[in-house]
Every structure is written in C-alpha cells, then in structure tokens.
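Undergrad: My questions concern the predicted model and sequence given below.
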Amino acid sequence: MSDDVPVIAVDGPVGAGKGAVCFRVAARLGFHLLDSGAIYRVLALASLRRGLNPGDSRPLARLAAGLDLHFERSECGDSLRVIFEGEEVGVLIRDERCGQRASTLAADASVRLAVLERQRAYRRPPGLVADGRDMGTVVFPDAPLKVFLTASVEERARRRHKQLVAKGFGVSLAHLLGEISQRDKRDQERPAAPLRPAGDAIVIDTTHHGIETVVEMVMDAIESRGLRRSRGRRQDLQSETDKCAR
Ligand code: C5P
C-alpha cells in the first residue's frame, strides 16, 4: 500500500549527526520524520519505571507493542515533542542511562519485532525521513535512498557532550567517550539488526563537516534520485519557517 511512498533511510552510530540532519531534510522536503531511537529510549524509560529487567524478553516485547507514544511537531516546527502516556519526555529520554538501557533492550529480537510495524506505519505520503540504526537494512529495505552517517568516536563524544550539557545533564567527556564506545560495540555486534551500512547506502563521514554541509550532501543525493518535491512547495515551507523565526 505505502510501498510507493519514498523513504530516506538514515542510519549511523550515536553522535554522527543523524537527528539534526534528518530534521532539516524532512522540513525541507515536507516529509514525515521518524526518530526510531526515541521509540527504544521511551521503551527504556517505561521499563525502568515498571521495574522490568533487560532479560525480561516477553514482558518487554508486550510493553513495546503497546507503548502509548506519539510524536508532535512543536508549534514552530523546530523540534519534535515526544509524548509518552500524555507526558512530554523528550528531554528525559536523552539521559545516557536511557541511551544505555535502550541499546541493551534493542538487542532483543522479540523487542525489535514488536516495534517493527509501528515504525513502518510512519511511511505515509508525501514521504518519510527515517532516523535509526536499521532503517535501510531491516525496516525499509526498499528505501530509494539510504544514507549512513558516521564520524570518529572522539568527535561524536564531543558533540554528544555539548548536547547533553546544553540540556542540563552533568557528564564528563571521558565518561561519555567510554559509554559511546560501549554502545557502538553493542549495537554493531548484536545478532538482531546489527548497526552497519546497507549494501546500497551512501556513506558520509561527518567528522569534518558541519550540519548544513551534510544536509546539502543528502539533498543532492535526493535530487539526483528525483525524490525532491516541487520548488513551489519548498518555498511555502520556507515562508512557514520564516514566520516562526519572527
Ligand atoms: O539513536 P539513539 O541514540 O536515540 O538510539 C538509542 C539506542 O536505541 C541505540 O543505541 C540503539 O541501540 C537503539 N536503536 C536501535 N535501532 C534503531 C534506533 C535505535 O537499535 N533503529
């Protein structure tokens, strides 16, 4: 049904710039946005609140299948609000404890299966930009454009540190470097949907590039595949953004 709706699948490790790039690309195209990491993070939060352990596979899969979770664009469309059981948890789930727990739960094949259809349901007209670890390999293997963003672990830790400090989380760079390396290793080595570029993905190393440069690289790839919307609509979107900036 939705197979003809274009998907831009963007995968990569933590701190590679996926979130910021996906947000901007989705806004420029007028496409929907899926932050699949937020689903695993909300599941992590829910499991901590319910006192479930990472090994409780069946209850975790049940919890994942029934999560009362939705995303809303903020009023000016400059961020995505994460609403879990009626509560805005966007900041709470960015805590590294949720990140680590999310990565542990995400290694469970039953949990991944339970969130698969939820993710696919985001594929709606006019198109979807999907941010995650297995968007191009498992969730949307037929995506007409797959991008894999990466960067050195030091640079990714530095970016993540900056983001967390800006959100008010106190964490040292050295500690974060260790946690990110551990999370990378777990995500890459798990048997269920390991983190790796799809065979037909464009790999972009963002270590020495700013967000806007990477956005342009992705937009060029979109353009070359004929996936871009008409110029008129893009101008409409631009004026909506301008309105918000005022
Ligand atoms: O992208 P983010 O850091 O928010 O993701 C948190 C964790 O969720 C990742 O470390 C990864 O283990 C897991 N994840 C996943 N598959 C996705 C998205 C996230 O396994 N598609």
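TA: Yep, that arrived. Numbering: from 1, shown residues only.

Undergrad: Next, Val203: phi, psi?
TA: Dihedral angles of Val203 (phi, psi; degrees, to the nearest 10) stand at phi -100, psi 130.

Undergrad: List the contacts of it.
TA: Shown in contact with Val203 (Cβ atoms under 8 Å, 6 or more residues apart in numbering): 148, 150, 197. For every residue, glycine as well, the C-beta is placed using N, CA and C.

Undergrad: And it, how far from the ligand?
TA: To the ligand, Val203 is 17 Å away according to Cβ to the nearest ligand atom, to the nearest Å.

Undergrad: What's opposite that residue in the beta bridge?
TA: Phe148 (DSSP bridges).

Undergrad: among the contacts of Val203, who's most crowded?
TA: With neighbours taken as other Cβ atoms under 10 Å, the top of these is Phe148, carrying 23 neighbours.

Undergrad: now stretch 70-83, how far from the centre of its chain.
TA: Centroid separation between stretch 70-83 and its chain, computed with Cα atoms, centre = their mean, to the nearest Å, is 14 Å.

Undergrad: quick one: that stretch near the ligand?
TA: No - under the criterion of Cβ under 6 Å from any ligand atom, the ligand is not reached by stretch 70-83; the shortest gap measures 10.5 Å.

Undergrad: what comes up buried for that stretch?
TA: Within stretch 70-83, the residues that count as buried by 16 or more other Cβ atoms under 10 Å are 71, 80, 82.

Undergrad: what mean pLDDT would you report for it?
TA: When pLDDT is averaged over stretch 70-83, the result is 84.

Undergrad: And it, end to end?
TA: Length of stretch 70-83, first residue to last, Cα to Cα, to the nearest Å: 5 Å.

Undergrad: I'd like the next helix or strand past the helix or strand harbouring Cys22.
TA: In this structure, Cys22 sits in helix 18-29 according to DSSP states H and E. Next helix or strand after helix 18-29 toward the C-terminus (DSSP H and E): strand 32-35.
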